[in-house]
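> Fold the stuff below for me.
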Amino acid sequence: MVNAPVLQIENYSLSYKTEHGPLRVLDGINLSVAKGEVLGLVGESGSGKSSLAYAILRGLPGQIASEQGTIKFLGEDLTHKIDSQLQDIRGARIAIVFQNAATALNPTQSLGEHVAEVLRKHRGLNRTSASSRVLELFRLVGLPDPEAMMERFAHEVSGGEKQRVVLATALACDPDLILFDEPTSALDATTAATILDLFSELQVRTQVAAIFISHDLGVIANIAHRVAVIYGGRIVEECTTKTLFTAPRHPYTRILLESLPKLSQDVGSQTQIFLRGSGPQRTGEPPACVFYARCPFHHQKCDNEQVRLHLQSENHRVACVRWQETLKVQVGEGGGVESPAKPDSVSVLEAQSVGVRIGRVPFLNGLFGPGKEEVHAVNEASITLNRGETLGLVGESGCGKSSLARALVGIHRFTGTIMLDSIMLDTNGQADETYRKRIQIIFQNPDSSLNPRHRIGQLLERPMILYRKDLNAGARRSEIARLLKRVRLPAEFARRYPHELSGGEKQRVAIARAVAAQPSVIVCDEITSGLDVSVQAEIVELLREIQSETHVALLFITHDLQLLRKVAHRVAVMYLGEIVEERPIAGFESSPYHPYTEALLSSTTSTDPKIDVRRVRLTGPLPTRTSRAMGCPFDTRCQRRIDHRCSQQPPPLRLPTIDHHISCHLTVDDLGAVSPIWRQRTSEKGELL
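Alright, predicted model coming up:
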């Protein structure tokens, strides 16, 4: 028996007013969500995912040029509701969990007050009853020490804890529908996996309907019952989750899935597919097929009439007139991805016993109160990078990856030694011009790292003025054009400002700026985390090409373990400021591995239908960061800890092979005896799929 729809969207279209005429944001959307159902909504940035969520909430941010169709919530058309009626619905009957919990929470309110305010407004609870309900909700979402958590402020808790508070706020009034707008994209892998597990449990218990918006197909594969794929403001495919990931039909869906790494394929043997061509046409007359400009199968008959969703089989709708003809044909361009080129044996960067402390401000300490204690962000970390090598650095948010990166590039004080091309870095972080030229950093968010007041040409010229003084103005202009071509951007982009570029284009500019200085080492700090899967694939291919040509060494910081299999030679695993394991990327998924590495691997959200992922849940408290752990830093959360030895004694270094190091009290045999995290599925006959 199918439940009646909680949400029914019929022929909904939306356009905004712009100086160039109406801009189509959503076009002919037809969707429904039943009680107890999770609908996944996937598509690249700018496809209209978040706009649809805001349309449902009736919180549209732009000047509306036109709006047609209906959005019915429990049978009532929301598009006809006035503001006072919508205020009674928002938060009480329809809730939303935003992408960035840090910006969703008021920094001047305690965490408990955030939820209590919603309960007082929509449920009329008094202060005592509201506090009691907040405590219940904090326990429900698994917040540690909920009584103390109610009194804390957003800046005093981790990203995962903030997201749990936002989830508690969404669940506070037992809504009928929750909208999730990229709720895990700002979280590390283990925290995201924990949040997804938590929501799955709560969703089964409460039977709330949900729309889960994400560009992470792995997340959707693990959370949704059905999936709708949106491109250029139109739904191009809709079906059950299992069907989408095993038998996709629309060319756009197939390209998205092919652009993902596959756990069932060995490192270096994967097929890489890229989404070529320009984006969808959003002004003027709508095209017959919204995907025509980038479709490898576009044909004249595709343009005869508007291509809309049609029911092709039970519960499977596709907006394509040629899907049956093209299923047996390879989508997109690409081929087998070769393993990264073998690096040289010459070391370019050596960091030995590096420590980083953050938090204390001596001038303020005692003047405006006791001040905060120092946090041990990095503890005795050692890494080596050879010429032409890529070292992946992985670990949870807050483990010290970015602190180590900032020490390496000379923008943070540290203890220990750092040598770059035989140049010793001053421990005060005062790098000279030669050192800064030879190591560059690409930050996670290009919107924050690219000056919005400077044109792209100015941004690329700056490192040349600083570090390549042999170039005159004419030579710099030529070099800017060459760099833009190198990162696959038109030369005319030199005259544009950052806000005129897409997220992927801005990140290419950031890469070009780093390359402009002709460095020996580039630090890539989560540079693909906010990008769509197809754009991620292009950025990775671009870095590989640049490395092949220049032999630059890369320190690639990421949460995405699947992505590392395409780019890295070696991987270092960091936990609470310490490197707990270092090994070659080939065979990374095979034991022996550190118990924390095991947990990281288990948090992978795989879309590969041939692979099962065994989940390892991290429990136990995080130790204090104001001092270094006496024993193993992972002791409090390790499921295989050995009595008091792990908490009292520093772990010895285990060497399964000469290039594989693990810091653990368990023996190599014990570490190797665990069952695989990534296991290939078998058929009913016992054959590998």
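
> Following element in sequence after the lowest-mean-pLDDT helix or strand in the chain, please.
Counting by mean pLDDT, DSSP states H and E, the weakest-scoring helix or strand in the chain turns out to be strand 333-336, with a mean of 46. Helices and strands here follow DSSP states H and E; after strand 333-336, the next one along the chain is strand 347-358.

> Kindly provide the whole-number mean pLDDT of the helix or strand following that following strand.
Sequence order places strand 375-386 as the next helix or strand after strand 347-358, per DSSP H and E. The average pLDDT for strand 375-386 rounds to 90.

> List the buried residues for strand 375-386?
Across strand 375-386, burial judged by 16 or more other Cβ atoms under 10 Å covers 375-381, 383-386. All C-beta spots, glycine's among them, are computed from the backbone N, C-alpha and C.

> Any chance of JSON lines for the residues you listed, columns distance to Asn106?
What follows is the buried residues of strand 375-386, written out as JSON lines (distance: Cβ to Cβ, whole Å):
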{"residue": "Val375", "distance to Asn106": "25"}
{"residue": "His376", "distance to Asn106": "30"}
{"residue": "Ala377", "distance to Asn106": "27"}
{"residue": "Val378", "distance to Asn106": "32"}
{"residue": "Asn379", "distance to Asn106": "34"}
{"residue": "Glu380", "distance to Asn106": "39"}
{"residue": "Ala381", "distance to Asn106": "36"}
{"residue": "Ile383", "distance to Asn106": "40"}
{"residue": "Thr384", "distance to Asn106": "45"}
{"residue": "Leu385", "distance to Asn106": "43"}
{"residue": "Asn386", "distance to Asn106": "48"}
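
> between these, which is nearest Tyr435?
Distance to Tyr435 across these (Cβ to Cβ) is lowest for Leu385, with 14.6 Å.

> Would you mind measuring from that closest one to His80?
To His80, Leu385 is 61 Å away according to Cβ to Cβ, to the nearest Å.

> same question, Ile211
21 Å.

> Compare these two and say which is more crowded by neighbours.
Ile211 (24 against 9; other Cβ atoms under 10 Å).

> In a strand, that one, correct?
Yes. Assignment of Ile211 by DSSP: H, G, I helix; E, B strand; the rest coil places it within a strand.

> For it, give the beta-bridge partners.
Leu39, Leu179 (DSSP bridges).

> Would you check that it makes contact with Pro183?
No. Ile211 is not in contact with Pro183 according to Cβ atoms under 8 Å; the separation is 11.5 Å.

> Flag every buried residue along stretch 641-657.
641-642, 646-647, 650-651, 654, 656.

> quick one: which two of the residues you listed are the most distant?
It's Ser647 and Pro656 that sit farthest apart of those, by Cβ to Cβ, at 24.2 Å.

> count of residues packed around Val552?
Neighbours around Val552, by other Cβ under 10 Å: 23.

> Find the residue closest to it in space, skipping its chain neighbours.
In space, and not counting its chain neighbours, Val552 is closest to Ile522: 5.6 Å by Cβ to Cβ, 6 or more residues apart in numbering.

> and the angle from the helix or strand containing that neighbour to strand 347-358?
Under the criterion of DSSP H and E, Ile522 resides in strand 521-525. On the basis of axes from the mean of the first three to the mean of the last three Cα atoms, to 10 degrees, strand 521-525 is oriented at 40 degrees to strand 347-358.

> my guess is Val6 is in a strand, correct?
Yes. Under three-state DSSP, Val6 falls within a strand.

> For it, which non-adjacent residue is closest in space?
Nearest to Val6 is Ala209, by Cβ to Cβ, 6+ apart, at 4.1 Å.

> Which strands or helices does whichever strand or helix holds Val33 pack on?
Element membership of Val33 [criterion: DSSP H and E] is strand 23-34. Secondary-structure packing of strand 23-34 (3 or more Cβ pairs under 8 Å, 6 or more residues apart in numbering; DSSP states H and E): strand 5-16, helix 49-57, strand 64-73, strand 209-213, strand 234-240.

> and Arg127, which of those is closest to it?
Short answer: helix 49-57, nearest of the helices and strands packed on strand 23-34 by Cβ to Cβ, at 28.0 Å.

> starting at the chain centroid, how far to that closest one?
Remark: helix 49-57 is offset 21 Å from the chain centroid, using Cα atoms, centre = their mean, to the nearest Å.

> between it and strand 234-240, how many degrees?
Using the same axes, to 10 degrees: helix 49-57 against strand 234-240 is 80 degrees.

> how about the strands in the stretch 51-200 of the chain?
For the stretch 51-200 of the chain, the strands defined by DSSP state E, counting those that start in this stretch cover 64-73, 76-77, 94-97, 177-181.

> Same list (these) but as CSV, adding distance to Ser397.
Listed next are the strands of the stretch 51-200 of the chain as CSV, based on distance: least, Cβ to Cβ, whole Å:
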stretch, distance to Ser397
strand 64-73, 35
strand 76-77, 41
strand 94-97, 18
strand 177-181, 19
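
> Secondary structure element for Glu581, which one?
Using DSSP H and E, Glu581 falls in strand 578-584.
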